[in-house]
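**Q** My questions are about this predicted structure, shown below with the sequence.
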2 protein chains.
Amino acid sequence: MNGAQALINTLVDGGVDVCFANPGTSEMHFVAALDTVPAMRGVLALFEGVATGAADGYARMAGKPAAVLLHLGPGLGNGLANLHNARRAGTPVVNVVGDHALYHKQYDAPLESDIDALAGAVSGWVRRTQRVEDVAADTRAAIAAASGPPGQVATLILPADVSWTSGAPNVANSHAEQGVARADVSEAVAAAAKALRSGDPGVLLIGGEATREPGLSAAARIAEATGAKLLCETFPTRLERGAGVPVVGRLGYLAEMATYQLGGAKHLVLAGAKSPVTFFAYPGKPSDLVPDGCQVHTLAGQSGPATDALIALADEVAPGTTAPLAPLNRPAAPTGALTAETAAAAIGALLPEHAIVVDESVTSSFFLPAATEGAPRHDWLTLTGGAIGYGLPAATGAAVAAPDRPVWCLQADGSAMYTISALWTHARESLDITTVIYNNSAYAILRMELERVGAETPGASNGPGPKASKLLDIGSPNLDFVAIATGMGVSATRATTAEELTAALARARSEPGPHLIDAVLTPMG
Amino acid sequence: MNGAQALINTLVDGGVDVCFANPGTSEMHFVAALDTVPAMRGVLALFEGVATGAADGYARMAGKPAAVLLHLGPGLGNGLANLHNARRAGTPVVNVVGDHALYHKQYDAPLESDIDALAGAVSGWVRRTQRVEDVAADTRAAIAAASGPPGQVATLILPADVSWTSGAPNVANSHAEQGVARADVSEAVAAAAKALRSGDPGVLLIGGEATREPGLSAAARIAEATGAKLLCETFPTRLERGAGVPVVGRLGYLAEMATYQLGGAKHLVLAGAKSPVTFFAYPGKPSDLVPDGCQVHTLAGQSGPATDALIALADEVAPGTTAPLAPLNRPAAPTGALTAETAAAAIGALLPEHAIVVDESVTSSFFLPAATEGAPRHDWLTLTGGAIGYGLPAATGAAVAAPDRPVWCLQADGSAMYTISALWTHARESLDITTVIYNNSAYAILRMELERVGAETPGASNGPGPKASKLLDIGSPNLDFVAIATGMGVSATRATTAEELTAALARARSEPGPHLIDAVLTPMG
């Protein structure tokens, strides 16, 4: 058995049976070995950022890592942005990066580069396998490191000669390393209980694993019994929501909104979330969102045992309380102009049961939470790390992980273009993904941010000057997403009114995907 | 004057007056400052890899750096692959990466990452500006570091608060740092002269700056007078060629070809080129291409004064010799099936005078050198670092640098998809670029490499098994580049015969671009 075969066998043995791949010459033995391991599914991406984003979306839904196969440093570079998002999501990813043969590295061939430096920037664990005898053990270690807790990106660098050399041991009887025992939470629970019972205004901020139903239910009971305000982090990894699930508001992206939400709190209890800070710095405004005089209590850290801790806290402070659940309550199908608001209503009116929503709608997202909170039960995946170009790839992975669930990808136009070739993989794998492009012909968030950071052009009386404005305008020329999607094999249609969007979503719901709807928005007054 | 204004003023003062940008919130003051400096042109890219590849193409033709503006670590990550190519090309690039405000970094906000580690992997020079007072001096240093010699990527990390703070000194009277004095080449010239006069078979391998006309002419005189074989590196940064320019063969990409070209040499003289090695390692084959018993003489290193050294050597060994020049000699317009061979003939038949050819045609490139060596004088830019996705972006930059010259971008289909959104910038800036997509529906080079590395699937009698084959096939679904280009505002047409390609090229030649021709190839028998 050669190294590549040992790698794939060990991956499958460890439950990792999907590999999102964009290989090159140094990975050809991995590719050839796919045919020797029937259980491993290879999914081709036309760009590495699609492969890494797919692995992120896959793991969020599957609860276990996929493998990624990348080609040398430049391939890893192309995949970094979505690995960054996976890192922020706490997603498990087994990231296999092929390298030149060990003896070839000394020659500084054209594709030679510092893979370790790049890998270190996004990975919690990095190892370069030096001998074919170590492939299986290193692969097992990578799976264990990726799986956590906490979940993280584990990068295994595999030299071409280690891949092609024979003599790897059989791995059929190997076992993954034991999981880490979870920490004792009793002291943190007691401190949080005391704070929330103090009678002072409190906020319970949840994140990480706690935005799944068990954590949400416990958190909602705590909030109900103690009067604490319940919020979740701005960009949750996977938020379970909809009819029958407790409602949780998300901390606002805008500092003004977050400051309002946290205003007056004397105690802030964190469960799976970090202490809140602004996304960016803004001149003259604080980065730390914790109000003056508010005490922060960490019930469980960002990757800690937040669910266990919340359940223990709920048993302590809310023993007889049940969590209030969202009722089924959809908005009416909207009519008239297609705006971010009517688009949200159309989505709320038609979102299928058990849908997975992959949300990279950016400035068009404002009306979505309210419009969908009473829709049938669904999962909501968000852009955890701020590195745009996540939506189309993550939808790819989510659809591979959950083939029986419809995926709706709500995608801003500018962000879509970073990893647009994901559409081709949607078509190739016949994935049930309906992509809605929010086409406003602008980097609308940057128009807003330009004002918010006070970057007005001297001499321009109203906002940015013409050169600055042009750099935020992506409508010249117009991006025709129907043509682009069709060119990659995805059936596509355009919607310019609320009725057209509703009709297009209804059609998409009735036929397995992939579909793309180019939703051309009318600016809101 | 704030830091952003000081940066742009200093760039323009240093001759850097084009910025390829894909900005985010932390770069908004840079964007706003564009309107205060009329001489700076901002060119928007929809993806960072387009911006960095454009900067590479720009500098190869302009002979001076452009600036790039990227957003934090993920933006730099997306730009790394083409910065890798620029690094291998020895291209000067002033790479400005916006960062969070200095005081904001402690909060580990979602987009925080190790920018320095990423920058270090591709840059010859990295500096993070700490105070607004230092912006102008740091920018001058970045320009000097980028410009060299040798040219390199110089990365200036600019925190948002340094960008927005007032108090930057006026830079109008500043001057760029002095260039480095070139090394004395007389000793190396004497050694090379002795070797080439020895009577033993010799090869002169040129690269770097020496593939421009002065170096080529000197090298051709040396070869003519001494009988040495003249070759240039496999992937030159900018090769001047065509009628009236000396002909130089390129060292083969395939090791078998390169071994044949270098076979029997007893002396190998390097001028601007590295000692030749294989691109990848292949089992059982040497990585070092220098024949046994051949002595290597470095007349000038990869980024050394190769032209001066070649001229000095020519004056020594070939004082009365003139360089043989390619005559004007185009192939006839081809007819029949559209193959890599007839496509090359069509390009040779119609290539406009003073064209810039950006070549990422990969496996379809085999027939191009012979078909175009007698075309009117032109420049040929190649994929120096092997990181695919270079063609469409580099064509963007070359067209911005030389608006009076037609750019022909010869682009493989698979590679095109990495940075396909460059087409939008072609349209937006009305660039005179004609893109020919070599559409063979495959990662054809990987089909070849899979065999070459011996990665046959066990049990499959003829080459790779079905799963491996599928990972190299990009024709399912078919990529319709006419639809994709049209969707980004580029006029496009399809050619399926040699006559159709010839007609489409003739039309493109007669109207300023951009154009795209989806050349659907018939496999060659």
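**A** Yes, it's here.
**Q** out of everything not next to it in sequence, what's closest to whichever residue of the stretch 301-450 of chain A sits closest to chain B?
**A** Of the residues in the stretch 301-450 of chain A, the one nearest chain B is A:A387, at a distance of 3.5 Å by C-beta to the nearest C-beta. Using the backbone N, CA and C atoms, a C-beta is placed for each residue, glycine as well. Spatial nearest neighbour of A:A387, chain neighbours left out: B:P74 (3.5 Å); criterion: C-beta to C-beta, 6 or more residues apart in numbering or on different chains.
**Q** go on, A:C409?
**A** A:A395 is the one closest to A:C409 (C-beta to C-beta, 6+ apart), at 3.8 Å.
**Q** cool, and A:L310?
**A** A:A218 (3.8 Å).
**Q** Got the phi and psi for that neighbour?
**A** phi -60, psi -40 (degrees, to the nearest 10).
**Q** Next, count neighbours for it.
**A** 27 (other C-beta atoms under 10 Å in any protein chain shown).
**Q** Please tell me I have it right and it contacts A:V317.
**A** No: using C-beta atoms under 8 Å, A:A218 makes no contact with A:V317, being 10.3 Å away.
**Q** and the strand or helix carrying the residue nearest to A:A387 with helix A:72-89, angle?
**A** Per DSSP states H and E: B:P74 is located in helix B:72-89. Counting by axes from the mean of the first three to the mean of the last three C-alpha atoms, to 10 degrees, helix B:72-89 lies at 180 degrees to helix A:72-89.
**Q** just checking, what packs against helix B:72-89?
**A** Using 3 or more C-beta pairs under 8 Å, 6 or more residues apart in numbering or on different chains; DSSP states H and E, the elements in contact with helix B:72-89 are helix A:72-89, helix A:115-122, helix B:48-62, strand B:66-71, strand B:93-99, helix B:115-120, strand B:153-159.
**Q** show me the contacts for the residue nearest to A:S198 when sequence neighbours are not counted.
**A** Leaving aside its chain neighbours, A:S198 sits nearest to A:H267 (6.7 Å; criterion: C-beta to C-beta, 6+ apart). Going by C-beta atoms under 8 Å, 6 or more residues apart in numbering or on different chains, A:H267 touches A:A195, A:L196, A:S198, A:D200, A:P201, A:G202, A:V203, A:A228, A:C294, A:Q295, A:H297.
**Q** Buried ones among those residues?
**A** A:A195, A:L196, A:P201, A:G202, A:V203, A:A228, A:C294, A:H297 (16 or more other C-beta atoms under 10 Å in any protein chain shown).
**Q** mind checking the SS state of A:V436?
**A** strand (DSSP: H, G, I helix; E, B strand; the rest coil).
**Q** That one reaches A:H515, doesn't it?
**A** No: between A:V436 and A:H515 there is no contact under C-beta under 8 Å: 9.2 Å.
**Q** Can you pull out the low-pLDDT segments for the stretch 151-300 of chain A?
**A** A:171-182 (pLDDT under 70).
**Q** Alongside chain B, which residues does it contribute?
**A** A:160-161, A:164, A:235, A:274, A:277-281, A:283, A:287-288 (C-beta under 8 Å from any C-beta of the partner chain).
**Q** Among those, which ones are in helices?
**A** Judged by DSSP state H, the subset of these located in helices is A:A160, A:D161, A:W164.
**Q** out of the residues you listed, which is most surrounded?
**A** A:A160 (30 neighbours).
**Q** Distance of that residue relative to B:A255?
**A** Per C-beta to C-beta, to the nearest Å, A:A160 is found 14 Å from B:A255.
**Q** Likewise for A:Q130?
**A** From A:Q130 to B:A255 the distance is 25 Å (C-beta to C-beta).
**Q** Same check on A:G98?
**A** Applying C-beta to C-beta to A:G98 and B:A255 gives a distance of 19 Å.
**Q** And these two? Which one has more around it.
**A** A:G98 (28 against 20).
**Q** contacting residues around A:V93?
**A** By C-beta under 8 Å, 6+ apart, the neighbours of A:V93 are A:52, A:55-56, A:59, A:65-66, A:68, A:83, A:86, A:146, A:152-154.
**Q** scratch that, A:T321
**A** So A:T321 contacts A:R221, A:E224, A:A225, A:A314 (C-beta under 8 Å, 6+ apart).
**Q** Could you verify my assumption that the last one touches A:E224?
**A** This points to A:A314. No: at 9.5 Å, A:A314 does not count as touching A:E224 under the criterion of C-beta under 8 Å.
**Q** Compute the inter-axis angle for the lowest-mean-pLDDT helix or strand in chain A and strand B:66-71.
**A** Lowest on mean pLDDT, DSSP states H and E among the helices and strands of chain A sits helix A:444-452, with a mean of 85. Per the same axes, to 10 degrees, the angle that helix A:444-452 makes with strand B:66-71 is 90 degrees.
**Q** Give me the contacts around helix A:444-452.
**A** Residues outside helix A:444-452 that contact it (C-beta under 8 Å, 6+ apart) are A:280, A:282, A:362-364, A:412, A:456, A:463-464, A:468, A:472, B:23-25, B:28, B:31-32.
**Q** can you rerun that using 7 Å?
**A** A:Y282, A:V362, A:T363, A:G463, A:P464, A:L472, B:G24, B:T25, B:M28, B:V31, B:A32 (C-beta atoms under 7 Å, 6 or more residues apart in numbering or on different chains).
**Q** neighbours around the fourth one, how many?
**A** Which is A:G463. 14.
**Q** What residues does it make contact with?
**A** A:G463 touches A:E451, A:E456, counting by C-beta under 7 Å, 6+ apart.
**Q** A helix includes it, no?
**A** No: counting by three-state DSSP, A:G463 is located in no helix; its state is coil.
**Q** Test for you: state the pLDDT assigned to the residue nearest to A:D413 when sequence neighbours are not counted.
**A** Leaving aside its sequence neighbours, A:D413 sits nearest to A:N439 (C-beta to C-beta, 6+ apart; 4.7 Å). pLDDT, A:N439: 95.
**Q** swap in A:L310?
**A** Looking at A:L310, the pLDDT reads 98.
**Q** where's it, which helix or strand?
**A** Going by DSSP H and E, A:L310 is part of helix A:306-317.
**Q** Centre of the chain to that helix, how far?
**A** 26 Å (C-alpha atoms, centre = their mean, to the nearest Å).
**Q** got it, and stretch A:442-449?
**A** That offset, for stretch A:442-449, works out to 22 Å (C-alpha atoms, centre = their mean).
**Q** List the buried residues for that stretch?
**A** A:A442, A:Y443, A:A444, A:I445, A:L446, A:R447, A:E449.
**Q** just the residues you listed now: which is nearest B:P246?
**A** A:Y443 (48.1 Å; C-beta to C-beta).
**Q** Can you tell me how far A:G249 is from A:R330?
**A** On the measure of C-beta to C-beta, A:G249 and A:R330 end up 19 Å apart.
**Q** near chain B, which residues of the stretch 1-150 of chain A?
**A** Proximity of the stretch 1-150 of chain A to chain B, by C-beta under 7 Å from any C-beta of the partner chain, involves residues A:21, A:23-26, A:28-29, A:31-32, A:34-36, A:42, A:44, A:46-47, A:73-74, A:77-78, A:80-81, A:84, A:88, A:100-101, A:103-104, A:107, A:109-111, A:113-114, A:117-118, A:120-121.
**Q** Buried subset of those residues, written for ChimeraX?
**A** To isolate the buried members of those in ChimeraX, using 16+ other C-beta under 10 Å:
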select /A:21,23,24,25,26,28,29,31,32,34,35,36,42,44,46,47,73,74,77,78,80,81,84,88,100,101,104,107,109,110,111,113,117,118,121
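**Q** Brilliant, that's me finished.
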